[in-house]
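Participant: Following is a predicted model, sequence given first.
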Amino acid sequence: MFDSRSSETNQESLISSPRLLAIQSILGIFFSYILLYFLCRCLFLAWNWSQLSSLGASQIAYAFLNGLRFDFVLIGPLVFFLSIAAALKPAWFRWICFMTIVFLSVALFFINFVDIELLNFTGRRFTRSSLFLASEGQTTNLLHYKFLTIMTFIGLSSLIFVSFFWFKKMVASFTSLRLRFKILGFFFMMFISVVMIRGGFQYKPISYVDAKLIDHPYAHQLVLNSGFTFLKSWGQKTFQRERYFSDQEMLGYLNLNPQLVKSNIVITPQKLNVVIFIVESLSAEYISKEHTPFFLKLADQGVYFDRAYANGRRSIEGIASILSGIPAMMEEPFLNSEFATNEFVGLGHLFKNNRYQTSFFHGAQNGSMRFDVFTKASGFDDYYGKQQYPNSNDDDGSWGIFDGPFFQFQCDQMSKTQQPFASVIFTLSTHQPFKVPTEFEKTYQAASTNEHAILKSFRYFDDSLEKYFNCAKKHDWFNNTLFIFVADHTGPSLDEAKTTFKSKFEIPILFYTPQETILKNMDRQQYAQQIDLLPTLNDLFDLGLKTKNHLARSLLQSGQKTIALYSDQHYELVGDTELSENHLKAIRQYFSEGLYDNRLYFPQVLGK
């Protein structure tokens, strides 16, 4: 006999089956994405273990657990839009939507792989301001890391595969669902997605600061997701105008105890040549007898500032600080910001106005980091890059010409240049991946088996520098030249357990000239920073600059000083005076108003 109850049960089974398949496919793609992001974070941890090894197992687990919140911000809406696409008709439109969403998923996942190594020389996770690297082809250098390239290919291929696999199941199940279940499912998933985008039910949506859960200088990078930081940077105003004080009150905080500030040197016009070495990634902690013996020899004979700080964390920020006195106190580098068209003082212009020949040397591809454009805007007429170098066999295969032959090239060019001249050399070989010539590789002996790879590249730099000086001493311009050494920014820490926010900015600054009496009265015990170089040279060479950037001070003066350090939306002050919140407010106001009002410089009499 016909059993009506059995028929009803079968009917319920047929109805519930598409629902179960729909739920299964949605959860399948959701947890597949979570697994892939988890594995990517594991790769980040392994690759950057030298910076994260001081974390305990519980801290690492805590970082991974909280990292899920940042992953959900991306995964939640992606799964939501895929489920919508699965219900669309006709089929061709459905698959166009699918491919668009998957393309976005791949792009957001890809920058996590890029950041595994890129973060080590940008100092922060990928944001909108990082796009200048991609636009100039700098990220293609990461292809030299073959293991990372392979893992990136596997990760992206896996993402595409799981997306296609589960999306097909979604389509198959959604076509059999009743309309009311589709509507209920839509609103339920929308609610879940909104919660995930906000990072939970807290009052304010999740932000960068929510990643700083562990007292460790690098742990928040493990927690964060590069896709999140990139998208978040588009939704925020990168730099805000600040106003706390009147101009006089603001300048009063910036010009500390002016009665203690005195000129130690009687300024007379000098017609010395100037050669500035901007040394890639030179942290103060790298200076040692083992790795920089010649540099230490120059330091003993010159004026060495060992309480010196970089004003940024990237090369593109360092060059603006050194050549134009503009510190990096916003997320976007000045060179790529809306303020790049502002009026600014260029060191090259000051020397050109005093009839100096100006030149800039950087062994990378012309146009790299927009150095050629910025140096020209700063007054440096002659640019020598990879294209101007005559021998392509000296290319390191990653960034450009090895330091050794490129230094010799600069030395030879200076022998052909009319004096006085002002020339800048931006070094290259101490940049990741720290390549050195094969012949040097064979002769170099590491101090220990655990030695960081960057130290070998600095031993090569030091050797190249000594050979450069041997070349320079053969020419008449050597004895009439001031050499300045400054880092563009710091490199990776040799001991992460001892790393502090302040130590990430500690660099050496060195002045050396065979005419030692010119510098003998400089106060080498004072605090120094990159942006101090421009006013120092203006004073030393009587270059005629009549305005003043009150964030900087000539190193020919001494007295109390405050320096502001900034990175990743965090400020910290260093100095030999009582530091206060008003100091920081005055610095932020001066910088922000200076950019917005196109007025970084005040007449020197104001605020003295």
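Facilitator: Everything's here; your move.
Participant: okay, now the domains of the protein?
Facilitator: Per automatic domain parsing, the domain ranges recorded for the chain read 12-234, 270-559.
Participant: a markdown table please, covering those domains and showing distance to Asp597.
Facilitator: C-beta coordinates here come from the backbone N, C-alpha and C atoms, glycine included. As requested, the domains of the chain are arranged in a markdown table below (distance: least, Cβ to Cβ, whole Å):
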| stretch | distance to Asp597 |
| --- | --- |
| domain 12-234 | 22 |
| domain 270-559 | 9 |
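Participant: Confidence-wise, which of those domains is weakest overall?
Facilitator: When the domains of the chain are compared by mean pLDDT, domain 12-234 comes last with a mean of 85.
Participant: what's the distance between it and the middle of its chain?
Facilitator: Chain-centre distance of domain 12-234: 23 Å, with Cα atoms, centre = their mean, to the nearest Å.
Participant: try stretch 489-498
Facilitator: On Cα atoms, centre = their mean, the centre of stretch 489-498 falls 15 Å from that of its chain.
Participant: got the end-to-end distance for that stretch?
Facilitator: For stretch 489-498, the first-to-last residue distance is 18 Å (Cα to Cα, to the nearest Å).
Participant: all strands for the stretch 351-500 of the chain, in order.
Facilitator: Ranges of strands in the stretch 351-500 of the chain, per DSSP state E, counting those that start in this stretch, are 357-362, 382-384, 421-426, 481-487.
Participant: Out of those, flag the one nearest Ser464.
Facilitator: strand 421-426 (10.6 Å; Cβ to Cβ).
Participant: distance between the closest one and the chain's centre?
Facilitator: Distance, centroid of strand 421-426 to centroid of chain: 24 Å (Cα atoms, centre = their mean).
Participant: What helices and strands are in contact with it?
Facilitator: strand 273-279, helix 315-324, helix 347-352, strand 357-362, helix 403-415 (3 or more Cβ pairs under 8 Å, 6 or more residues apart in numbering; DSSP states H and E).
Participant: now that strand against helix 403-415, angle please.
Facilitator: Orientation check (axes from the mean of the first three to the mean of the last three Cα atoms, to 10 degrees): strand 421-426 against helix 403-415 gives 170 degrees.
Participant: quick one, strands of the stretch 151-300 of the chain?
Facilitator: Assigned by DSSP E, counting those that start in this stretch, the stretch 151-300 of the chain shows strands spanning 262-263, 273-279.
Participant: ok, now the stretch 501-608 of the chain?
Facilitator: 506-512, 528-529, 547-548, 557-558, 562-567, 570-575, 602-603.
Participant: got the angle for the fifth one vs strand 570-575?
Facilitator: By that I understand strand 562-567. Using the same axes, to 10 degrees: strand 562-567 against strand 570-575 is 150 degrees.
Participant: List the neighbouring strands of strand 562-567 plus their orientation.
Facilitator: Using DSSP bridges, strand 562-567 pairs in its sheet with strand 570-575 (antiparallel).
Participant: how about the partner strand: buried residues?
Facilitator: Within strand 570-575, the residues that count as buried by 16 or more other Cβ atoms under 10 Å are 572-575.
Participant: Isn't Ile326 up against Glu343?
Facilitator: No - counting by Cβ atoms under 8 Å, Ile326 sits too far from Glu343 to count as a contact (11.3 Å).
Participant: More neighbours: which of the two?
Facilitator: A direct count of neighbours by other Cβ atoms under 10 Å for Ile326 and Glu343 places Ile326 higher, at 31 against 8.
Participant: Wasn't the more buried one part of a strand?
Facilitator: No - Ile326 sits outside any strand when classified using DSSP: H, G, I helix; E, B strand; the rest coil, being coil.
Participant: nearest spatial neighbour of it, skipping sequence neighbours?
Facilitator: Excluding its sequence neighbours, the residue lying closest to Ile326 (Cβ to Cβ, 6 or more residues apart in numbering) is Ala320, at 4.6 Å.
Participant: Turn the strands of the stretch 151-300 of the chain into TSV, columns for mean neighbour count.
Facilitator: Shown next, in TSV, are those (neighbours: other Cβ atoms under 10 Å):
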stretch	mean neighbour count
strand 262-263	12
strand 273-279	24
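Participant: And the ones you listed: which comes nearest Phe81?
Facilitator: Phe81 sits nearest to strand 273-279 of all these, at 46.3 Å, using Cβ to Cβ.
Participant: Give me the angle between that closest one and helix 403-415.
Facilitator: Inter-element angle recorded for strand 273-279 and helix 403-415: 160 degrees (by the same axes, to 10 degrees).
Participant: Return the list of helices and strands in contact with strand 273-279.
Facilitator: For strand 273-279, the packing partners by 3+ Cβ pairs under 8 Å, 6+ apart come out as helix 315-324, strand 421-426, strand 481-487, helix 533-541.
Participant: Nearest to Thr547 among the strands of the stretch 151-300 of the chain would be which one?
Facilitator: Of all the strands of the stretch 151-300 of the chain, it is strand 262-263 that lies closest to Thr547, at 18.1 Å by Cβ to Cβ.
Participant: Please name whichever of the strands of the stretch 351-500 of the chain is nearest to Arg124.
Facilitator: Of all these, it is strand 481-487 that lies closest to Arg124, at 18.2 Å by Cβ to Cβ.
Participant: Need the CA coordinates for that closest one. PDB is fine.
Facilitator: In PDB, the C-alpha atoms belonging to strand 481-487 read as follows (Å, rounded to 0.1, in the frame of the first residue of the first chain):
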ATOM      1  CA  THR A 481      86.300  68.200  -0.700                       C
ATOM      2  CA  LEU A 482      83.800  67.600   2.200                       C
ATOM      3  CA  PHE A 483      82.500  64.100   2.400                       C
ATOM      4  CA  ILE A 484      79.200  63.400   4.200                       C
ATOM      5  CA  PHE A 485      77.800  60.000   5.000                       C
ATOM      6  CA  VAL A 486      74.200  59.400   5.900                       C
ATOM      7  CA  ALA A 487      71.800  56.500   5.700                       C
END
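Participant: Partner strands of that strand and their direction?
Facilitator: Next to strand 481-487 in the sheet, as set by DSSP bridges, lie strand 273-279 (parallel), strand 506-512 (antiparallel).
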